[in-house]
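Visitor: Sequence first, predicted coordinates after that:
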Amino acid sequence: MENVCFLIAGQRMKLSLPGGVKWRSLLPSFVGFEDKRDRRRKSICRLGVSTDRIIVNLSAGTLLAEFSQVLGEHLQLYEMNGLYVVDLQVHPDGETCRMMCDLNFTEAYAYIGRPGQLCGEALNAFLMMLFAQSCVLHRTFLVHASVIVRQGKGYAFLGKSGTGKSTHSSLWLRHIGETELLNDDNPAVGIGDDGKVYIYGTPWSGKTPCYKNKRAELVALVRLQQASANHLVWKEGVDALLALLPGCSSMRWNDYLFGALGNLLEEVVRKVSVGHLQCLPDEAAATLCYNEIIKKTKRMTV
């Protein structure tokens, strides 16, 4: 086996592959996140890849969730014998890839196809699932958002698919100076050793190839809603947490991991402004959002 490590949002994950497998061709978005330091250093999660099928009797397990066109064409999650089993069919006519892991998503192994036909999309999805769940035990979480950075500060836009997160970010890029896109789909949010909240680029950015191994201090999280006029309302306390929770990657049926996420979100909403923006896809929406965030930030620092 050959090992490679990645550093994502300050958290280290390890991938073990059969000898001769070229991981860069399977995971091109991970190249900028490779961690070449001492590979014996502790990782929050590890995935071993097997070229042999993983045979289990799924009828002995409990089906916890089933998704179509989320991480892939079709995904099923089972719990059995103190383990999770994830079946993923990326292409409608492709074979089913499988991952088994412990209940904390820290140790896993996966079958991603026959030698010579390894599926990088399945490997990417399994790594994302492992990271998204295990990182909450290390003061970090993945969130479905598009992120703009301006002068070292991060602004994240949340909402359901099709709400206009990418559109709103593009409006900032066009109409607000000194801005850049950090990530367009799945950034990570973490609390640093200094107590500040940071937002990070990750290898997962949806349809937009934006894989930046950078971070910015997080200033605001804004949930978007399409409307006939532009209007922003700030949320506090439980309302702020509820505005943020739907966009977080979480296993709601795993009490331990979901509890850790809840505690983390409570700390984040105490330190970061959370807003709800009803908006049009226009320049005025971006300008209003930016100006209101600046006003709120100034009030918080007075």
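Guide: All right, it came through fine. Numbers count the residues shown, from 1 in each chain.

Visitor: Tell me where the protein is predicted with low confidence.
Guide: 39, 69-72, 301-302 (pLDDT under 70).

Visitor: Longest helix in it, by number of residues?
Guide: If you go by DSSP state H, the chain has its longest helix at helix 283-301.

Visitor: Show residues contacting that helix.
Guide: The contact list for helix 283-301 (CB atoms under 8 Å, 6 or more residues apart in numbering) reads 155, 168, 171-172, 174-176, 219-220, 222, 230, 232, 234, 273, 275, 277, 279. (Each C-beta comes from the backbone N, C-alpha and C, glycine too.)

Visitor: Out of those, which end up buried?
Guide: Buried subset of those (neighbour count, 16 or more other CB atoms under 10 Å): 155, 168, 171-172, 176, 219-220, 222, 230, 232, 273, 275, 277, 279.

Visitor: buried sites along the longest helix of the chain?
Guide: Buried, per 16+ other CB under 10 Å, within helix 283-301: Ala285, Ala286, Leu288, Cys289, Tyr290, Glu292, Ile293, Lys296.

Visitor: Rebuild those residues as a markdown table, extending it with distance to His144.
Guide: Converted to a markdown table, these look like this (distance: CB to CB, whole Å):
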| residue | distance to His144 |
| --- | --- |
| Ala285 | 20 |
| Ala286 | 20 |
| Leu288 | 23 |
| Cys289 | 18 |
| Tyr290 | 21 |
| Glu292 | 22 |
| Ile293 | 20 |
| Lys296 | 23 |
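
Visitor: which one of these is nearest Arg215?
Guide: Proximity of the buried residues of helix 283-301 to Arg215 (CB to CB) peaks at Ile293, which lies at 18.5 Å.

Visitor: which residue ranges form the strands in the stretch 51-200 of the chain?
Guide: 62-68, 74-80, 83-89, 97-102, 107-111, 140-142, 145-150, 153-158, 179-183, 188-191, 197-200 (DSSP state E, counting those that start in this stretch).

Visitor: Report the strands that pair with the fourth one, each with its relative direction.
Guide: Strand 97-102 has its sheet partners listed here by DSSP bridges as strand 83-89 (antiparallel), strand 107-111 (antiparallel).

Visitor: do the same with the second one
Guide: In the sheet containing strand 74-80, its partner strands are strand 62-68 (antiparallel), strand 83-89 (antiparallel), by DSSP bridges.

Visitor: could you give the angle of the helix or strand Gly48 falls within to strand 107-111?
Guide: Following DSSP states H and E, one finds Gly48 within strand 45-50. With axes from the mean of the first three to the mean of the last three CA atoms, to 10 degrees applied, the angle from strand 45-50 to strand 107-111 works out at 30 degrees.

Visitor: Quick check: buried residues in strand 45-50?
Guide: For strand 45-50, by 16+ other CB under 10 Å, it's Cys45, Arg46, Leu47, Val49, Ser50.

Visitor: ditto for stretch 248-255
Guide: In stretch 248-255, counting by 16+ other CB under 10 Å, buried: Cys248, Ser249, Ser250, Met251, Asn254.
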